[in-house]
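K.L.:
Got a predicted model here, sequence first, then my questions.
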Amino acid sequence: MMRFDRLSSPGRLRRITFLFDGEAVEAREGDTVATALLAAGAGATRTTPASGAARGAYCLMGVCFECLVEVDGVPNRQGCLVAVAEGMRVRRQHGAAAIAEEA
Amino acid sequence: MAARRDLVIVGAGPAGLAAAAEARDHGVDALILDEQPEPGGQVYRSAARVAERRPADLGFLGADYARGAALVAEATGVERRQGASVWQIGPAARDGRREVIWSEAGQARRVAARSVIVASGAMERPVPVPGWTLPGVTTVGALQVALKQSGIYPAGRVVIAGSGPLPLLLAEQLRAARVPVAAILDTAPSGRMATAWPLLPMAALGAAGTLRKGMALLRARERSGVPVWRQVRDLRAEAGADGSVAGIRFRSASGEEQRIEADLLALHEGVVPNPQLTRLVRADHRWHPAQRCFHPVLDPWGESTAAGVYVAGDGGGILGARAAEASGRLAALSVAHRLGRIGETARDFAATGPQARLLGERALRRLLDALYPAPEWIAAPADDAIVCRCEEVTAADLRSVAGHAAGPNQAKAYLRCGMGPCQGRLCGLTVTEMIARARGTTPAETGYYRIRAPIKPVTVDELASLDTEPAA
C-alpha cells in the first residue's frame, strides 16, 4: 500500500483541513485534492463504472482522469486540478456517479 | 457576444509564459488560460511558490527548476487565469476569429480570439502493461509533480521502470531528497549506442549544458547503489491483499523471470504531444517514427494547418523546456507581425535567438530519441493488459477486432475504447499502433481518434451558464 510522506524541509505553508468521506484530513497550502489524498494515505479513491475495479491517482497532470472524486457535491472532478481548500468536502466515487436529484 | 482578444494562449508552462511575455512586449492583448491551480506547466510546476515558500526544496529540485519562477515573473502584466480548462476552440469565423471556450469554477466563459497559441504541452506515453491500472502504479512524472507541488514522496519500496531522461532525473531528485529507491528497471533495449554515437557531436554543439547534465545523471545513478536491471521486458504489476500493487514481475537481460516486492511502481516511456487541442481544430498531423507519436504539422513559426492556431512547446513535438520557450517566442512574434504590431525585419531579427536555440535543442533531441526509443513491446501488450483504462478494454479485446477495424474510430464503435472520461488520451497511441500492426499498415495510414468538443468533462450547468456568462 502506497504511502506518501512530507519532506521535512522547513517551509511556510499554511495547514488546511478538509473532509474526506466525512473525516477531517490535514493538508498543506498548495496541495491539490489528489496530492493531499496521497499524503493522507487514502489509497484507492474511486472504483470504475465498468467493472468496479479500484483506482488511484496515476498521472497527476490532468490527463488520465483516474483521480476523479466528488468535491463539494460535484462528482467527477479531477482531483489533481483542484486546489484543496479549508472545509472542502471530498468523497470517494463508487462506480458510475449517480445523477443528482433536484431538491 | 463574446469578449475579444488578440491572442489566447492555452497553457502556462514554459512555452505559454514565454509566448505571453513576447506578445506583451509587442503590444498584443493576450489572455493565458491554464487548467492547473498554479502556473509553471509540468516541468516548472509550482516553481514560483516553491521559490518563495519552500526555498530549501530548490536544492534537490535542481537549478533548472528555478527557471520557472523567472518565467512566471517575466510574463507579469499578461492576464492569466488559473483553474481554467479549455474545452473548445471553434472553427474560424468570417473575420478569422475563433471562439475559445473554457470552464472555470463551475462557470463556462468564452472569448473570440484572432490567434490561439496551443501550449498545452506533453503527456507521458501510455505504458499498457498488465497491472498498470492498480492503485500504487503511477507515472514517473506524477512523482515529480508530487515532489514539486506538495513536497511529498512515496515512503515505501519505490520501483522506477522505463527509460529516458526523466527516470534518471527522478532517481537523482529522490536521492538528493534522501528518499530510498528499491530498484530501477531500465527498459531501454540493447544496441542503441550504434545509432546514437554519430549524433553525439551535433548534440554536444547544440546543447552542451543539457548533455553534461545528462551524463552527470547517468553517473549519479551508477554511484547511488540502487540496483539497476537492464533491458527489462514482460513487465507486470501484481496486486497484494489490499488491491494495491505489491509485486513486479519482469524479464531482465538474461531472459530470466524476476519478481520483486514494491509498494509503488512508477512507469515512464518518454513523453508525447498532448493531442487533444490540435486534433480538435482538425489540424494536420504527421507520424514521427523516432518518437512513435503524431506531431501536428507546423510552419517555421509554429502555425498549424488550422489558420490562426499556433502550437508552441512539446505539444508540437518533443524538444524540452528550453525549446518550448523558444517556440513560444517565435509564435508570439508571428502573431504580433500579423496584427501589424511589428514589422517583418524586426520580427526576423527578434527570431534569430530563439531559432538558434531550437536548432541546438533539435540536435540534442535526435540523440535522445536514438538513446531512448520507446520499446517495441509498447505496441504489443500482453493479452490481459488493459489498453483503454476508462472502459477497461484489454489488448485481447482489441486484437479480436484490430484486423478488420478500418481505424481507431471503428474500434471505438466496437469496443468503447477511447469513450471514457480521458477521451482516448491514455489509449489512443496504443490503439493506433496495434491496429496498424494487425492490418500490416502504418500508423500514419491508420490515423487517430476523432476528437470533438468538449475535450474536458463539462456539466449541464456549465453549458447552460454560457448564456449568462459574466464579461471575461
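P.N.:
Here it is on my side, so go on.

K.L.:
Can you name the residues bridging to the residue nearest the centre of chain B?
P.N.:
In chain B, the centroid-proximal residue (C-alpha atoms, centre = their mean) is B:A122; its distance is 1.5 Å. Per DSSP bridges, the residues bridged to B:A122 are B:P273.

K.L.:
my read: it touches B:G270, true?
P.N.:
No: taking contacts as C-beta atoms under 8 Å, B:A122 lies outside contact range of B:G270: 9.1 Å. In short, each C-beta sits where N, CA and C put it, glycine included.

K.L.:
Spatially nearest residue to the closest residue to chain B within chain A (excluding sequence neighbours)?
P.N.:
Proximity of chain A to chain B (C-beta to the nearest C-beta) peaks at A:G56, 3.5 Å away. Using C-beta to C-beta, 6 or more residues apart in numbering or on different chains and skipping residues adjacent in sequence, the residue nearest A:G56 is B:P135, 3.5 Å away.

K.L.:
Now do the shared contacts for B:A122 and B:G270.
P.N.:
Contact with both B:A122 and B:G270 is made by residues B:I318, according to C-beta atoms under 8 Å, 6 or more residues apart in numbering or on different chains.

K.L.:
check contacts around B:G315.
P.N.:
Counting by C-beta under 8 Å, 6+ apart, B:G315 has contacts B:11, B:15, B:118-122, B:273-274, B:277-278, B:296.

K.L.:
Go through those and give me the one with the most neighbours.
P.N.:
Neighbour counts for the contacts of B:G315, by other C-beta atoms under 10 Å in any protein chain shown, peak at B:A15, which reaches 37 neighbours.

K.L.:
What sits closest to that residue if chain neighbours are left out?
P.N.:
B:G313 (2.8 Å).

K.L.:
Looks like that neighbour contacts B:A119 (just checking).
P.N.:
Yes: between B:G313 and B:A119 a contact is recorded at 4.9 Å, counting by C-beta under 8 Å.

K.L.:
Now for the two: what residues contact both?
P.N.:
In contact with both B:G313 and B:A119: B:11, B:13, B:15-16, B:324, B:328, using C-beta under 8 Å, 6+ apart.

K.L.:
In contact with B:R97, which residues?
P.N.:
By C-beta under 8 Å, 6+ apart, B:R97 lies in contact with B:4, B:112-114.

K.L.:
again, but for B:T432
P.N.:
B:408, B:443, B:446-448.

K.L.:
ok, and it, which helix or strand is that part of?
P.N.:
Per DSSP states H and E, B:T432 falls inside helix B:428-439.

K.L.:
Could you check the pLDDT of B:G403?
P.N.:
Note on B:G403: pLDDT of 89.

K.L.:
With the one 3 residues further on instead?
P.N.:
Looking at B:A406, its pLDDT reads 90.

K.L.:
okay, now it: neighbour count?
P.N.:
When neighbours are counted by other C-beta under 10 Å, B:A406 registers 12.

K.L.:
same deal with B:A241?
P.N.:
Neighbour count of B:A241, defined by other C-beta under 10 Å: 7.

K.L.:
Against B:P154, how distant is it?
P.N.:
Going from B:A241 to B:P154 by C-beta to C-beta, to the nearest Å gives 19 Å.

K.L.:
quick one: low-confidence parts of the chain?
P.N.:
Using chain A. Within chain A, the stretches with pLDDT under 70 are A:1, A:9-11, A:97-103.

K.L.:
if you could check chain B rather than the one you did, that'd help
P.N.:
Within chain B, the ranges that satisfy pLDDT under 70 run B:1, B:469-472.

K.L.:
What residue in it comes nearest to chain A?
P.N.:
Closest residue of chain B to chain A, C-beta to the nearest C-beta: B:P135 (3.5 Å).

K.L.:
And the next helix or strand past the helix or strand that B:R366 is a member of?
P.N.:
Here B:R366, judged by DSSP H and E, is contained in helix B:344-371. Note on helix B:344-371: by DSSP H and E, the next helix or strand toward the C-terminus is strand B:386-388.

K.L.:
elements contacting that following strand?
P.N.:
Applying 3 or more C-beta pairs under 8 Å, 6 or more residues apart in numbering or on different chains; DSSP states H and E, we find strand B:386-388 packed against strand B:393-394, helix B:395-402, helix B:428-439.

K.L.:
change it to 10 Å
P.N.:
Packed against strand B:386-388 by the contact rule (3 or more C-beta pairs under 10 Å, 6 or more residues apart in numbering or on different chains; DSSP states H and E) you find strand B:393-394, helix B:395-402, helix B:408-415, helix B:428-439.

K.L.:
can you give me the angle the longest one makes with helix B:408-415?
P.N.:
This means helix B:428-439. With axes from the mean of the first three to the mean of the last three C-alpha atoms, to 10 degrees applied, the angle from helix B:428-439 to helix B:408-415 works out at 90 degrees.

K.L.:
residues of stretch B:191-201 that come out buried?
P.N.:
B:196, B:199-200 (16 or more other C-beta atoms under 10 Å in any protein chain shown).

K.L.:
Any residue of stretch A:63-70 touching chain B?
P.N.:
Yes: using C-beta under 10 Å from any C-beta of the partner chain, we find that stretch A:63-70 touches chain B at A:63-68.

K.L.:
which residues sit in contact with B:H337?
P.N.:
B:26, B:301, B:343-344, B:346-348, B:350-351 (C-beta atoms under 10 Å, 6 or more residues apart in numbering or on different chains).
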